[in-house]
Each structure stands twice: as C-alpha cells, then as structure tokens.
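In: sequence first, then the predicted structure:
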Amino acid sequence: MYDRMQTFTKEELTSLHDASMDLLQTTGIAFNEEEALEIFRKNGFQVDGKTVFMTEKDVRKALETTPKRFTVTARDSKKSVEVGEDDFVLAPAYGPPFVAMQNGEQRKATMEDYDNFCKLVQTSKSFNMNGFMMVEPSDVPAETAHLDMLFSSIVLCDKPFMGSPVSKMGARDCIDMAGMVWGDKEKLKEMPVTVSLINSLSPLQFSQEMAGSLIELARYGQACVIASLIMAGSSGPVTLAGVLALQNAEILAGVVLSQLVKPGAPVIYGSTSSAMDMKTGGLSIGAPELSVVVSATAQMARYYNLPSRSGGALTDAHVPDAQAALESAMALVTAVRNGINFILHAGGILGSYISAGFEKFLIDEETCLMVKKLVQPIQITQDSIDVEMIKQVGIGGQYLTQPKTFQLCRTEFFLPGLVNRKNYAGWRDEGRKSLHETASEMVKERLASYEKPDIDPEIEADLSEFVWRGKNRK
Amino acid sequence: MGIQDIYQAILGFDEERTKQLTRTEIDAGTDINSILNEGMIAAMDEVGKQFSEGILFVPEMLMAAKAMKGGLAILKPLLTGDAAVSKGTIVIGTVKGDLHDIGKNLVSMMMEGAGYTVVDLGPDVDADKFVQAAKEHNANIVALSALLTTTMPAMEATIAALKEAALPVKTIIGGAPVTQAFAEQISADGYSDDAPGGVQLVRTLIGK
C-alpha cells in the first residue's frame, strides 16, 4: 500500500539493528540490580561491575523464545484481550501526579480519582484494558500506593489490568493479588493476566526497581512492556536514527533478561521516545517527531517478530483544548495505523504526562472509536456494492428512502457520542458548548451509570486483607 | 386499542402492517377521523419529536412517513367532513439556480406525514413557477429551499413575486446557509433549521 509515512527498507532496519548490537557489545548496558547481574553472569555474559555486555548471538537466542502474540486473561474471560499481529489494546493514562481541572488549574490526584478512572474504563466502549497509576494518588502512602491501586483495578473493573512494576516487592504483591483472583499464583506462569510497564533509564541503564520488577514478573509469566523513553537531544542523540539505535539496544537488553528468567515470557517492544523541546529543555510528546518514532518503533518490533507498544493520545497541552485534540489524534492515528499492539495513554493524558483529565479521557475515547473505524476495512462484495440499487435510483434520484439505507442507518457509520454534528441553530440552542464542556457533563453521567462488576466476596475480602497487611508490614 | 396498533406500526416503520391494520379498523367501523388523528398523525408527531431529540435517524423518520402515507392512501377515499379537506396545501421547491433537493425532499415527506397536501416542484424552480403553482393549488404555504449562498437572493425574489401576485399564502424558508435573520430581512413568514421544526412552523402559520 502507498503511505507517505516512511517504510524502512530491509537495509535500513539492518543498519539500525547492527548499530544496537555494536552498542550492546562494546559499550554494554548497566543493570542496577544485583539479581539481574547474577542471572547474566550465570548465563555466561561478560559483566563488568554493573555493566553487562551482550552479543548478537545472545539477542538472537532470546528472540527465538519470545512470543509474537499472546492473550491477557481478564477477570471476566469474555473481556480477555489479544496482543500482537493485527490485534491491539487501548489502555488509559499512566503516571500523572495531577488532575487537570476545567478552569485550567491542577490539583494533586487522589485515590478517588484513580477509582473514577477505573469506573470510566469499566464503562468504556473504547478501552479494552484497565491501567495502572492512571493517576498517582497523593492521599495514600507512596510506598504502598500500588496495593490500593491494584485493589481498585481488580475490584472496580473486570477488564485485564496493568501490573505494578514499582519495585521487586511491588511486583510480587501484584503476582500475589492476581494469584488470589485466579486461585493459585502458579497458574499465572502460563497465563498472563497483567501487562506491566518496564522502562529503561536512558541512556543504556535499567534502574534497580525496573530490573527487579522485570525479573519477578517474567518469572511468573506476566507480560512486560520493555520501553525506552529517550528525549532526543538530551537523554539520547538529537537525530531520530540515533534514537532508534539507542532505544533498540535498551529494549533488546531487557528482552534478553526476560528470556533468561523464563524463556517464552511475553514481552512487548516499547517506545515513547520523542524530541526535547529546544526552547524549554522539556519533553514534547505532542511533537510530530513522537509520531515518527511511533511508526519506526512498530516497524522495528515487526522486524523482531515482537508485539509493539507506544503512546496514544499524547499532548503537551494542559487543558483539553484544540492543541490537546490535534496532538492526541495525530499520535493515536499513527499508533493504530502503523500496527502498534499495546497503545498506552490512549486516553486522559495532558501536559506532557504531568496531569490526567476526565474530560480529556472522554474526548480521547471518542477519538479511539473513530480511529477504530478508520482502520476497519471496507467489505467489497456484490451486496455491499449493490450496483443494481444504484441503477434503480438512477440519475438525480435519492437514497434516503432506500430500504438498505434504513436497514444500515444505525450500524454502517461511526455514531458520535460526543462531537457536535448539529447545525448552528441546534448547537446554539443547546448552549454553544465546546467539546470539553459537553465532555464535562458526560463524565458525571458516566460515573453515575457505573455498576460494580461481580466479584466473589471471599476473593474481595482476601484482597482487602492482603492490602491491609501490606500497608502495615514493617 | 386498534388505533393504538396503527400508531405502533408507524413507529415500528412497518408500512404493510400499517396498511393492513388500517383496513381492519375501517372494516370494524372505527371512526375514520380517529384513525387519522389519533393513529396516524399522532404517530407522526411522535416520530418528529423523537427525530428532534436525536432518538430516530433520518432514514427511520422517512420510513415511518412512508408507512403513514401507505395507511393514509387507504383512508383518503373515506374521509368525510373536515377531515376530507386536507389540513392545508404546501407548495415546496428549491429556488432558481439551486439543484440541491435532499433537504427539501425531507421536509416534503415530513409535511405529508403530518397530513398536509404537498405539491413538490423539485429543484431549480423560478419565481413564476412558484406563483403559478400557488395559484393553481390554492396553497396555504409556499416553502422555499436553498443550499447555496449564491441562490439565497432567489428566495427574496420569489417572495417578492408572491407578494406582488397578492396571493393569500404564507412563505417559509430553509436550508443550510439560511437563518432567522435572513428570513426577517426578506420578509418571509417563517424559518426553521430542521424538518420537524418546519412542520411545527406550518402548524402555527396555518393554525391547524
């Protein structure tokens, strides 16, 4: 197919690959986690202090056991999701400490906000997976916040959820809690029920928390996104080609570790690298360069037969305004069109990851539904063309009263839930509302319509007790 | 009871059932005016309301209107007294120079559904033709449609011609670029921004 976005040639992909292999072999990559270093040493890797050196052979061996697709099982099995090849997941925001309010101010996020995002995901037609740290709650102790968030993620929503890679302990807690839901954590080894986000620390490092979490999660067969966020020009090269080679080295190093821990452990090739804003020194995730990297990342992942991850509705705007909409739509469309399999931040994010907005979540949700329609193929059949009907209507006729129009009027097109399509008078008479104002009203309706999904009361009680014990452990 | 079924059949977009139920009611000796007013017109009022609220879609509204017309055709020869006379006659068309007629057709069908006699002159209709038709059919209303800003002046010319002919008609206008302010400016008697609103407008202007 013809697409103006760049499709890498085999030679270009190989050049990037070769550069990454050179980096892993000669510069190496640091793992700030003793167990990781031990695993590498045990498997015959050259380890110098915290720096691990890898050969192309090591990388190729790891790639022999990585699955190209896998299922993430949901508490309600009908809501399990497929990750890989043509299938993709849309997951909400991740990490913002603030909530963006309609008046342009920010406030610290709370557990109530987190719970409300769980409820919005549960009632969403767009999002097929629940997140983790959809906001970072400020009203619970940081060391045990993951327990509160996991509890809400599991109990308030029956879609698959994201795990807690906050530390080795955090990852173990996640596995223990998932084990309670599915009866036995040993079962999880062959059944991913979570996807966790493991980030490298660019350039060429993995923190103790991330490497430790990766080991724990891979051990129990839980899926991990291994992602790199390079700020081109500060934590990585200023050229995107250099960024791709560097992030590729980091991601593949994480993949190698996962496969040493448990061959076949599901991993996702991830990136959310973008340009540094040269005027502020800040990260820009609304930049077109981000979308360029999204497309390149999808291609690199396919080169290695791995599922891919990128950001979705990303923006640098602080309120759900026109900037937020245009930047978010650009990244989301790029991710879906280019074949990304795990689209994180597909809804709610604002201000270069600093805040989450409920209105923004609903607006992004609408964009997600539109983008899903965008990639839905036109069925070319005799019936769908129906040349006889066109002849019958003839020159200058109309199709409004054709039975087919009537039959398909509710199903053939995308039906907007949020955007305005009323004429001026209709729009005016309803109060001249901008999209974010309509969204604000709908947030309230959506939260009011939420119903808690069924859960075995014993399991809920066990989880609750586990959280309580965790919060009181010394 | 039976009349309620006709009402439901129209809201269920079922022309065959509407026709069949209309025949059944006629055979059962049900009051013809009641069938018309409480069954058919009441159903179309509900359809118009649901359309305005965004519950019904355009093709569904038209399918309901078609069902109603099917029933009405059976009823018509039997109508007596007040009901035998149409609720009013509307001459409708897209003005000179404008070939767009989808919106105008929609309005036509809605008006028919509401029980009016509609004379649809089609697109690209000049002022004289509107005047002739209004005379010939004793129209209560002349409804003008335009999609193009360039053809909006033809609305003004048509209204002027109708006034000059001193016909006892009210004029209404509609179309994407048309506004209430424009209607006032060219001395049209009414404007609506959608088809069900047009039906309401006609009701107010005719007074029944």
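Out: Cool, the structure landed. Just so it is clear, the structure is predicted and the values come from calculations on it, not from any experiment.
In: per-residue pLDDT of the residue nearest to A:Leu252 when sequence neighbours are not counted, please?
Out: Among residues not flanking A:Leu252 along the chain, A:Val59 sits closest, at 5.3 Å (Cβ to Cβ, 6 or more residues apart in numbering or on different chains). For the C-beta atoms, the positions are set from N, CA and C on the backbone; glycine is no exception. For A:Val59, the model assigns a pLDDT of 98.
In: which element is A:Val59 on?
Out: Assigning secondary structure by DSSP states H and E places A:Val59 in helix A:56-65.
In: with A:Val83 instead?
Out: strand A:81-84.
In: mind listing what's buried in that strand?
Out: Within strand A:81-84, the residues scored as buried using 16 or more other Cβ atoms under 10 Å in any protein chain shown are A:Val81, A:Glu82, A:Val83, A:Gly84.
In: for chain B, which helix is longest?
Out: In chain B, with assignment by DSSP state H, the single longest helix is helix B:58-75.
In: how about the secondary structure of the residue in the stretch 301-450 of chain A that chain B sits nearest to?
Out: Proximity to chain B, evaluated over the stretch 301-450 of chain A using Cβ to the nearest Cβ, is greatest for A:Ala425 at 3.7 Å. State at A:Ala425, reduced to three classes by DSSP: H, G, I helix; E, B strand; the rest coil: helix.
In: what about the closest residue to it other than its chain neighbours, distance to B:Gln180?
Out: Of all residues not flanking A:Ala425 in the chain, B:Asp193 sits nearest, at 3.7 Å (Cβ to Cβ, 6+ apart). Going from B:Asp193 to B:Gln180 by Cβ to Cβ, to the nearest Å gives 8 Å.
In: go on, A:Val155?
Out: Computed with Cβ to Cβ, the distance linking A:Val155 and B:Gln180 is 54 Å.
In: quick one, which of B:Asp193 and B:Gln180 is more surrounded?
Out: B:Asp193 (19 against 14; other Cβ atoms under 10 Å in any protein chain shown).
In: need the residues that contact the stretch of helix or strand B:Met152 belongs to.
Out: In the assignment (DSSP H and E), B:Met152 maps to helix B:152-164. Applying Cβ atoms under 8 Å, 6 or more residues apart in numbering or on different chains, the external contacts of helix B:152-164 come out as B:95-98, B:126-128, B:130-131, B:134, B:142, B:144, B:146, B:169, B:171, B:173, B:175, B:177-178, B:182, B:186-188.
In: can you pull the contacts of A:Lys61?
Out: Shown in contact with A:Lys61 (Cβ under 8 Å, 6+ apart): A:Gln259.
In: got a list of what the residue of chain B found nearest chain A touches?
Out: Per Cβ to the nearest Cβ, B:Asp193 is where chain B lies closest to chain A, at 3.7 Å. Contact analysis of B:Asp193 by Cβ under 8 Å, 6+ apart lists A:Asn423, A:Tyr424, A:Ala425, A:Gly426, B:Gly174.
In: those, buried ones only, as a ChimeraX selection?
Out: Here is the ChimeraX command that selects the buried residues among the contacts of B:Asp193 (16+ other Cβ under 10 Å):
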select /B:174
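In: so can I have TSV of the contacts of B:Asp193 showing distance to A:Ala74?
Out: TSV is the format used below for the contacts of B:Asp193 (distance: Cβ to Cβ, whole Å):
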residue	distance to A:Ala74
A:Asn423	42
A:Tyr424	44
A:Ala425	45
A:Gly426	40
B:Gly174	51
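In: a markdown table for the contacts of B:Asp193, including pLDDT and distance to B:Ile41?
Out: As requested, the contacts of B:Asp193 are exported to a markdown table (pLDDT from 0 to 100; distance: Cβ to Cβ, whole Å):
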| residue | pLDDT | distance to B:Ile41 |
| --- | --- | --- |
| A:Asn423 | 86 | 26 |
| A:Tyr424 | 87 | 30 |
| A:Ala425 | 85 | 26 |
| A:Gly426 | 87 | 25 |
| B:Gly174 | 94 | 22 |
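In: quick one: which of the contacts of B:Asp193 is nearest A:Phe358?
Out: Nearest to A:Phe358 among these is A:Gly426, at 25.8 Å by Cβ to Cβ.
In: so the closest one makes contact with B:Asp194?
Out: Yes. Counting by Cβ atoms under 8 Å, A:Gly426 touches B:Asp194, with 7.1 Å between them.
In: can you count the residues close to A:Glu34?
Out: By other Cβ under 10 Å, the residues close to A:Glu34 number 12.
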